[in-house]
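Asker: need a 3D model of the following:
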Amino acid sequence: MFHSRANALIRLAVFPVLLLYWQDFYGTRLPLLGPALVAVLFCISSQMPSAKMILKLGVILFVCTWAQGQISLYLFDDPLIYYLLLFVTFYWCMQRARENPTDIISSFMLLSLVLVTVFSRQKGLDITQLPKGLFLELIYAGFTVFIAFLLFPGGEIIATTQTIPEGGAQTEIWHLLLKAACSFICLWVFIDLNLSQAALMAITFTNVIKDPNPMKGVNYGISRFIMNSVGLLFALPPLLAAAFEVNIIVQLGVAIVCAMLMGIYAMKKEASINSFQVLYCAYVILLFKGITESGGNALHNDFIRIGSILFSVMLGLIILLLLQSPTKTEQVP
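Answerer: Model prediction:
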């Protein structure tokens, strides 16, 4: 309907925020996950997904989450076998991301894997309703994506797809194994330490480390960490607006403007698809917590979450740099 070169950025910045406020007002089972799924879909898809594709993804997500939940319950008293299966699943997701950086299934599998593990192993919550909740949230996300593409079609691609080195997926199995091992160890440590932000930190870490072909060198690590740090600062104005309980329309306007500015900043820094995914997933999570919490500790908790995200990003970047093959020191994706 409205054709513009900026439509891709408008979709990514505006519609996750709109869905977040809509779900917060009307209430859903998992009001945080829908906007995060919208952000993921916009980051890895430049064309409108078909209804058949969304339904297929929903069924896959439901079945995988249900299977993970059943395995977690069945092996609750046998953690060794459960964590071995966890490692195998991490490896499978890293391999899919290596072969296709925009693979949707690996992104959703990592999300459901972390949620099931944290909810069942750390928080001791009933996860029998989680598959249905994730399925419904994906349907909400798919409908939002459809409306967004209908109103704002086309637009320039916000991030170019990384080029995978020829033969990389076959010759660097050790790379994938170490990524899977690091993801597994970090998730296990976050749960063992009983960190309040374990799920947020694990999701952020896995989104960073599954980068299929990171640029080499210390400058890359520092520049990407600075980019993520500055990008998350755009969440502060809407968080402050929520903390001071200003008018909800003003909060929504500030949140949308800051999301647009964050996207413009990330595009100028030539951020990768993974970086956009980290930034916008973190943005909607911070925003959701900001608008649902009140009181004197709200801002304090916001800064704890921002610190947790940045720590996870820094840890993931350090591991990526350590895993980078020394034979490819001059390679740029």
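Asker: okay, CA-based contacts and neighbour counts for the rest of this
Answerer: OK.
Asker: this protein: helices as residue ranges?
Answerer: In the chain, the segments counted as helices under DSSP state H are 7-26, 33-44, 51-74, 79-99, 104-117, 130-151, 168-171, 173-192, 198-209, 218-233, 236-243, 248-268, 273-292, 298-323.
Asker: of those, which stretch is the most buried?
Answerer: Most buried of the helices of the chain, by mean neighbour count (mean count of other Cα atoms under 10 Å): helix 33-44, with a mean of 25.
Asker: before we move on, back to that, adding distance to K123, write the helices of the chain out as CSV.
Answerer: Conversion of the helices of the chain to CSV gives the following (distance: least, Cα to Cα, whole Å):
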stretch, distance to K123
helix 7-26, 23
helix 33-44, 18
helix 51-74, 13
helix 79-99, 16
helix 104-117, 9
helix 130-151, 14
helix 168-171, 36
helix 173-192, 9
helix 198-209, 10
helix 218-233, 27
helix 236-243, 26
helix 248-268, 31
helix 273-292, 18
helix 298-323, 18
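Asker: mean pLDDT and distance to G124 added to those helices, as JSON lines?
Answerer: Supplementary listing: the helices of the chain in JSON lines, determined by pLDDT from 0 to 100; distance: least, Cα to Cα, whole Å:
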{"stretch": "helix 7-26", "mean pLDDT": "90", "distance to G124": "25"}
{"stretch": "helix 33-44", "mean pLDDT": "87", "distance to G124": "20"}
{"stretch": "helix 51-74", "mean pLDDT": "88", "distance to G124": "11"}
{"stretch": "helix 79-99", "mean pLDDT": "87", "distance to G124": "14"}
{"stretch": "helix 104-117", "mean pLDDT": "87", "distance to G124": "10"}
{"stretch": "helix 130-151", "mean pLDDT": "90", "distance to G124": "13"}
{"stretch": "helix 168-171", "mean pLDDT": "39", "distance to G124": "37"}
{"stretch": "helix 173-192", "mean pLDDT": "88", "distance to G124": "11"}
{"stretch": "helix 198-209", "mean pLDDT": "88", "distance to G124": "13"}
{"stretch": "helix 218-233", "mean pLDDT": "74", "distance to G124": "31"}
{"stretch": "helix 236-243", "mean pLDDT": "89", "distance to G124": "30"}
{"stretch": "helix 248-268", "mean pLDDT": "92", "distance to G124": "33"}
{"stretch": "helix 273-292", "mean pLDDT": "87", "distance to G124": "21"}
{"stretch": "helix 298-323", "mean pLDDT": "85", "distance to G124": "22"}
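Asker: how about the nearest residue to G290, chain neighbours excluded?
Answerer: Distances taken as Cα to Cα, 6 or more residues apart in numbering place L239 nearest to G290, at 5.4 Å, with adjacent residues excluded.
Asker: quick one, what contacts the one you found?
Answerer: Contacts of L239 were listed using Cα atoms under 8 Å, 6 or more residues apart in numbering, and they are L286, L287, G290, I291, L299, D302.
Asker: nearest to Q277, of those?
Answerer: Using Cα to Cα, the shortest approach to Q277 within these belongs to L286, at 14.0 Å.
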